[in-house]
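Colleague: curious how this folds, go ahead:
(one chain, ligands or ions: 2)
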Amino acid sequence: MKNFTPIIGLEIHVELKTRSKMFCSCAADYFGKKPNTHTCPVCLGLPGALPVPNKTAIEWCIKLGLALNCQIPAYSKFDRKNYFYPDLPKGYQISQYDQPFAVNGHLAIEGKKIRIRRVHMEEDTGKLLHAKVDEENCTLIDFNRSGVPLVEIVTEPDIRSSTDAKKFLQELYLIIRYLDISDADMEKGSMRLEPNISVRIKNDELPKYKVEVKNINSFNFVKKAIDYEVERQIEILEKGETPKQETRGWDENKGLTYSQRTKEEAHDYRYFPEPDIPPFRWDSKDIKAIKIPELPQSRRLRLVSKLELRKEEADILVSDKQKADYFEEAVNVVRRLKIGEITVQELANWIVNKRIDVQKSTPADLVKAILGKRKKSEISSDTLTKALEEVLKNNQKAVADFKQGKQQALMFLLGQVLRITKGKGRAEDIKKLLIEKLT
Ligand code: ZN
Ligand code: MN
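Modeller: Numbering: from 1, shown residues only. Ligands and ions are numbered 1, 2, ... in the order given. Below you'll find the predicted structure:
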């Protein structure tokens, strides 16, 4: 690996969870529905049907662009991307070519800046099903997915390791969840990942080829596919050859990528402006009206700096918006009721260690549970002192060990005290008392 640097970019497709499809009023929630029940002349590509763009979908696309620090050009348009495939009844996909809704953004992953080239709007295709009908192998087409709003995010090739690629994708996923614009469920195909990979020989210019791995549906598979590709390409480069520019698939069972087709160039698609949809001109007022909620990165910082939560717990909580919301509500309950003895960290620990089910209980329930546990563990200082003296008397060896610096002996003594009190008393308090008595 010494002389080689992986050059990695990502392309991500995300289905938006709008009520209707991108260019017609069919319901967009196609998943698990009876085939071809969510269709109309527009999404079936029948001649003469006219597309009408979905305003919410465009707003959400721009919203994601803004969340990724993109610029929103004042002028934008749709284009036709022409190609033939049975799942594409029109013979072209309405997409965006040279004037996408959002450009030139970035997202920092652990201080490393990954540039976002563009975020554009397009439509999903239908779905092919390979099945056996009357003993014969055949392919069935379900057009329920045809025309579902799809956002494509393209990064610059700024990523240098499979680990960073995975981290980037996890953060992007979280941002999408926080914006509440897609369920981004990879198992259902509503978030689809395509890394493009090449390897640069040190001090050389950027590679002249690139290999794209198509339609991966898990962050871990992306990581594995990148690792596999980097190794495969280095082997070729070491022989003095150049890897082929092509599209490959990922076979999870065999743990390898396989060649699918040589990669198309943009000119193969004969892009041209979509004549049925007028271009867009945004006023700065339109863009300012699109509000971005607090995003995961600022939330992590705020939980650590303002609430003084440990970074570990902040990361875990923020990675699940529902949990983080629950936590912050619990903090508010404690503050409102002025329950000074419950700390922010304690609330976080209870949620992170799953001692409470955030699906089934309210934040007030959590506060009650912690206070209840406190009551139960209360113990009179008399009883505690007696237990302590008994333990110290009966465990001379552990006492001697501790005095010689064996920290484990303290934990042993603490366990003995708790055995006598049947678990009552706070471990922290007892530890303090023991240390006082022993030093
Ligand atoms: Zn339709
Ligand atoms: Mn696309």
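
Colleague: ligand 1 contacts on the protein?
Modeller: 24, 26, 40, 42-43 (C-beta under 5 Å from the ion). Glycine gets a C-beta too; all of them are placed from N, C-alpha and C.

Colleague: so can I have TSV of those residues showing neighbour count?
Modeller: Shown next, in TSV, are those (neighbours: other C-beta atoms under 10 Å):
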residue	neighbour count
C24	22
C26	22
C40	16
V42	20
C43	28
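
Colleague: and those residues, which two are the farthest apart?
Modeller: Across the residues of the chain next to ligand 1, the longest distance by C-beta to C-beta is 7.8 Å; it joins C26 and V42.

Colleague: joint contacts of the two?
Modeller: Contact with both C26 and V42 is made by residues G147, according to C-beta atoms under 8 Å, 6 or more residues apart in numbering.

Colleague: thinking again about what came up before, could the residues of the chain next to ligand 1 go into CSV alongside secondary structure, distance to F272 and pLDDT?
Modeller: Compiled in CSV, the residues of the chain next to ligand 1 are given as follows (DSSP: H, G, I helix; E, B strand; the rest coil; distance: C-beta to C-beta, whole Å; pLDDT from 0 to 100):
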residue, secondary structure, distance to F272, pLDDT
C24, coil, 22, 98
C26, coil, 26, 98
C40, coil, 25, 98
V42, coil, 20, 98
C43, coil, 21, 97
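
Colleague: make TSV from those and add distance to A49 to it.
Modeller: As requested, those are exported to TSV (distance: C-beta to C-beta, whole Å):
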residue	distance to A49
C24	8
C26	12
C40	8
V42	4
C43	9
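
Colleague: show me which of these is closest to Q345.
Modeller: C26 (49.4 Å).

Colleague: surely A369 is within a helix?
Modeller: Yes: assessed by DSSP: H, G, I helix; E, B strand; the rest coil, A369 belongs to a helix.

Colleague: surely it and I356 touch.
Modeller: Yes: with contacts counted by C-beta atoms under 8 Å, A369 reaches I356, the gap being 6.1 Å.

Colleague: more neighbours: the two, which one.
Modeller: The residue with more neighbours, out of A369 and I356, is I356; 19 against 14, by other C-beta atoms under 10 Å.

Colleague: that one and A364 touch, don't they?
Modeller: No: counting by C-beta under 8 Å, I356 does not reach A364; the two are 11.3 Å apart.

Colleague: ok, the residue of the stretch 51-200 of the chain found nearest ligand 1 - contacts?
Modeller: Closest approach between the stretch 51-200 of the chain and ligand 1, counting by C-beta to the ion: G147, at 5.6 Å. Residues counted as contacts of G147 (C-beta under 8 Å, 6+ apart) are 21-24, 26, 42-43, 123-124.
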